[in-house]
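>>> Fold the following.
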Amino acid sequence: MQPRGEAYRNTLSALIAISKQEGIRGLYKGFGTAFVGSAPAGCLYFTSYEVSNRFLFARLPTQGGSFLVDFTSGLIAEVCSCVLWVPIDVVKERLQVQSTLVRQLPDTALYKGNIDAALTIIRTEGLRGIYKGYGATLMSFGPFSAFYFLFYERLKHLSAQLIHHDESTQRIQKSLGSPIVELPFYTIVFCAATSGALASFVTNPLDLAKLRLQIDRRRGTAIFNYRNIFDGVRRIWKEEGVRGLLRGVGARMAFSAPTTAISLTCFEELKKLFHAVL
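All right, here's what the predicted structure looks like:
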């Protein structure tokens, strides 16, 4: 059994310890909330991006699309979708750590399930409790989404020009940022995966600073003692240099590339199906 107060050494250590203590069921605590909530949150994320992108593009038309439009639309998508993502994460994380809390604080009441956890948090802590960490989440994932869609739209336009030349560019502009010319499936996968990897690379310093802030909060002692995410980035740059800012970037890119490729490719395929039906 994991000794009281001892941190897991690594991911494998955590998996083994949780399996021994709580069984396979323990590894999937909070899965119900994430599973049920992911569909509407993902839908809100991509819909917010599509609507805001079309709205802004129609008012700021530029050759091949606008960098500012795509960047802003990605940020808006994160702002809107966090309305659902943050409560999902709060409930999921509370369920995941409650067994550990009970071992350390025996008087701690257990949540009976996903719905009970959500209702209890709202009843005892109000909306502030269910949206705890909204600002930090937005500061970290907002720039990621902004750069992600910015890179994706640029790569998509470039691919369309290479494949279909000038005719494709004109038709893309007429469709207000949503290409009428269908790009090959493998091209969409490549653009989405590359965009996810690039966005992860660019925003890695923000994610690293957020992670260290979370570690300080969970341990209850200030190891890094950052005031906020931006202070964290400044301190990492000053104390550890470029190498410090890029710590863990390879693993982050390796994770983001396939996940973003799958989600955005599915979204594009559903859009094609929707346009075909209409």
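>>> lowest-confidence helix or strand of the protein?
Across the helices and strands of the chain, mean pLDDT, DSSP states H and E gives its lowest value to helix 11-27, namely a mean of 65.
>>> Let me know the pLDDT of residue 198.
Here, the pLDDT recorded for residue 198 equals 96.
>>> Okay, now the unreliable bits of this structure?
For the chain, the stretches flagged by pLDDT under 70 are 1-15, 17-19, 22-37, 61-65, 96-109, 164-181, 214-222, 276, 278.
>>> Tell me which other helices or strands the top helix by length along it touches.
If you go by DSSP state H, the chain has its longest helix at helix 134-174. In terms of contacts (3 or more C-beta pairs under 8 Å, 6 or more residues apart in numbering; DSSP states H and E), helix 134-174 is packed against helix 31-59, helix 67-104, helix 185-219, helix 229-245. (Each C-beta comes from the backbone N, C-alpha and C, glycine too.)
>>> and of the ones you listed, who's closest to residue 146?
Distances from residue 146 to each of the helices and strands packed on helix 134-174 were compared using C-beta to C-beta; the minimum, 4.0 Å, belongs to helix 67-104.
>>> Give me the helices and strands touching that closest one, please.
Checked by 3+ C-beta pairs under 8 Å, 6+ apart, helix 67-104 has helix 11-27, helix 31-59, helix 114-130, helix 134-174 packed alongside it.
>>> mind listing what's buried in that helix?
69-78, 80-82, 84-96, 98-100 (16 or more other C-beta atoms under 10 Å).
>>> outside of stretch 81-90, which residues touch it?
With C-beta atoms under 8 Å, 6 or more residues apart in numbering as the test, stretch 81-90 has contacts from 33-34, 37-38, 40-42, 44-45, 48, 118, 121, 129-134, 137-138, 141.
>>> how far does that stretch sit from the chain's center?
Remark: stretch 81-90 is offset 11 Å from the chain centroid, using C-alpha atoms, centre = their mean, to the nearest Å.
>>> again, but for stretch 150-157
Worked out by C-alpha atoms, centre = their mean, stretch 150-157 lies 19 Å from the chain centre.
>>> CA atoms only for it - export them in CSV, please.
The C-alpha coordinates for stretch 150-157 follow below in CSV (Å, rounded to 0.1, in the frame of the first residue of the first chain):
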residue,chain,number,x,y,z
LEU,A,150,-4.1,29.1,-36.2
PHE,A,151,-1.6,26.5,-37.4
TYR,A,152,-4.3,24.2,-38.6
GLU,A,153,-6.0,26.8,-40.8
ARG,A,154,-2.6,27.9,-42.2
LEU,A,155,-1.6,24.3,-43.0
LYS,A,156,-5.0,23.6,-44.5
HIS,A,157,-4.9,26.6,-46.8
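>>> Could you list the buried residues of stretch 136-148?
Buried residues in stretch 136-148, counting neighbours by 16+ other C-beta under 10 Å, are found at 136, 137, 138, 140, 141, 142, 143, 144, 145, 146, 147, 148.
>>> mind putting those in JSON lines, distance to residue 183 included?
Below are these laid out as JSON lines (distance: C-beta to C-beta, whole Å):
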{"residue": "136", "distance to residue 183": "36"}
{"residue": "137", "distance to residue 183": "32"}
{"residue": "138", "distance to residue 183": "31"}
{"residue": "140", "distance to residue 183": "30"}
{"residue": "141", "distance to residue 183": "26"}
{"residue": "142", "distance to residue 183": "27"}
{"residue": "143", "distance to residue 183": "26"}
{"residue": "144", "distance to residue 183": "23"}
{"residue": "145", "distance to residue 183": "21"}
{"residue": "146", "distance to residue 183": "22"}
{"residue": "147", "distance to residue 183": "21"}
{"residue": "148", "distance to residue 183": "18"}
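>>> ok, so of those, who is nearest residue 112?
Of those, the one sitting nearest to residue 112 (C-beta to C-beta) turns out to be residue 137, at 26.3 Å.
>>> pretty sure residue 236 is in contact with residue 208, am I right?
Yes - if you go by C-beta atoms under 8 Å, residue 236 and residue 208 touch, sitting 6.6 Å apart.
>>> which residues are in contact with both of these two?
What both residue 236 and residue 208 touch, as defined by C-beta under 8 Å, 6+ apart, is the set 244, 245.
>>> Please name the residues that touch the most centrally placed residue in the chain.
Taking C-alpha atoms, centre = their mean, the centroid of the chain lies closest to residue 141, which sits 5.4 Å from it. Going by C-beta under 8 Å, 6+ apart, residue 141 touches 78, 82.
>>> Brilliant, that's me finished.
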